[in-house]
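*Asks:* generate a structure from the sequence data that follows.
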Amino acid sequence: MARSPALLPLLALGLCCAGIHGQSYKMTVKFRDSSTTHPRLGQQLKLECVTHKEDSGVFWVRQSKGGTLHFIVFINSLSRTTFEGNKKTSTHFKAGKDRRSYWLVVDTLTPQDEGNYFCLMNSNQMLYFSPGQPVFFP
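*Replies:* Below you'll find the model as predicted:
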């Protein structure tokens, strides 16, 4: 998160101010494979963020058990990715876009990957947050 200072004010704004969530618009995050209910250590995890508005891209963020927010990736509307440290690729994550669906893949789940995953987007100068998708090992 320290390498993504521009994201911090956006997150703080969205987390502190209830009106900014956009009462009339909902984003959803879910497991891409509907049979997934509890991910397991070492397996691949596939998440999907569905939007219904025109947008300029989506941020994927993980909130750890302790509440710390971790920037994972920004995916623009052309499916170009920017991972932590301004990198175009990651050895641990893959991400992209299909129509109005943005996806995130965690290659091999580790204990550090546990947390609440959510996506957020900026549309017409409004910041929208999805509800989180919990990813915790049984």
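
*Asks:* dump the C-alpha coordinates for stretch 31-39 into PDB.
*Replies:* Once non-C-alpha atoms are left out, stretch 31-39 reads as follows in PDB (Å, rounded to 0.1, in the frame of the first residue of the first chain):
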ATOM      1  CA  PHE A  31     -16.100 -16.700  -6.600                       C
ATOM      2  CA  ARG A  32     -15.800 -17.300 -10.400                       C
ATOM      3  CA  ASP A  33     -16.500 -21.000  -9.800                       C
ATOM      4  CA  SER A  34     -19.900 -21.200  -8.200                       C
ATOM      5  CA  SER A  35     -18.900 -24.500  -6.500                       C
ATOM      6  CA  THR A  36     -16.200 -22.700  -4.400                       C
ATOM      7  CA  THR A  37     -17.400 -22.000  -0.900                       C
ATOM      8  CA  HIS A  38     -14.200 -22.300   1.200                       C
ATOM      9  CA  PRO A  39     -10.900 -21.900  -0.600                       C
END
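
*Asks:* how near is the residue nearest the centre of the chain to Leu109?
*Replies:* The chain has Trp60 as the residue nearest its centroid, 2.1 Å off, counting by Cα atoms, centre = their mean. Trp60 is 15 Å from Leu109, where distance means Cβ to Cβ, to the nearest Å. Where you see a C-beta, it was placed from the backbone N, CA and C, and this is true even at glycine.

*Asks:* circling back: give me the nearest residue to the residue nearest to the centre of the chain, chain neighbours excluded.
*Replies:* Leaving aside its sequence neighbours, Trp60 sits nearest to Ile72 (Cβ to Cβ, 6 or more residues apart in numbering; 4.3 Å).

*Asks:* how about low-confidence regions in this protein?
*Replies:* Applying pLDDT under 70 to the chain flags the ranges 1-25.

*Asks:* all helices of it, in order?
*Replies:* 7-16 (DSSP state H).

*Asks:* for Leu72, what are its contacts?
*Replies:* No, residue 72 isn't Leu; it's Ile. Neighbouring residues of Ile72 by Cβ atoms under 8 Å, 6 or more residues apart in numbering: Phe59, Trp60, Val61, Arg62, Phe83, Glu84, Phe93, Ala95, Leu104.
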